[in-house]
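Colleague: I need the structure of the sequence given here:
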Amino acid sequence: MKTIDEIDKLTMEDLERISLDESIVTPEGLEDKIKASVQKPTDIRSRLFWLSGVAASVVLVVALALSFRPSPLKDTFDDPAMAYAEVEKALISFTEVVNNQMNNISK
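Modeller: Take a look at the predicted model:
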């Protein structure tokens, strides 16, 4: 009987020659045993692996749904004049930054 290392070293021609050799007798029921072992249902580890993948996907979808949910808008100023003053202050600051950058580019 050959070891696995010896079988690994065989070429395709050697394997074909061995498979066509009529003097080699295969045990009764070997084909049925091989088919049964190949077609046996998945074991518990593969089921757990599949189930953990499904659970991770559900958690990811829920997390994404919760993170993209719009938050209700609320007013930050009760006084419209104060809100206008803050907007004007922000626009003046923005304008100064843009003007400085334009001056740096033109130099």
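
Colleague: every contact and neighbour count from this point should use C-alpha atoms.
Modeller: Noted.

Colleague: break the protein down into its domains, please.
Modeller: 4-67, 78-107 (automatic domain parsing).

Colleague: and the end-to-end length of stretch 73-81?
Modeller: Terminal residues of stretch 73-81 lie 20 Å apart, using C-alpha to C-alpha, to the nearest Å.

Colleague: identify all contacting residues around that stretch.
Modeller: Residues outside stretch 73-81 that contact it (C-alpha atoms under 8 Å, 6 or more residues apart in numbering) are Ala83.

Colleague: can you list the low-confidence ranges for this structure?
Modeller: Within the chain, the stretches with pLDDT under 70 are 39-42.

Colleague: please report how far the residue sitting furthest away from the middle of the chain lies from Ser71.
Modeller: The C-alpha centroid of the chain is most remote from Ser23, which lies 51.9 Å away (C-alpha atoms, centre = their mean). From Ser23 across to Ser71, the span is 80 Å (C-alpha to C-alpha).

Colleague: please apply the same query to Leu20.
Modeller: 74 Å.

Colleague: quick check: which element contains Leu73?
Modeller: Using DSSP states H and E, Leu73 sits within no helix or strand.

Colleague: next, it: phi, psi?
Modeller: phi -80, psi 140 (degrees, to the nearest 10).

Colleague: pull the number of nearby residues for it.
Modeller: Close neighbours of Leu73, defined as other C-alpha atoms under 10 Å, add up to 6.
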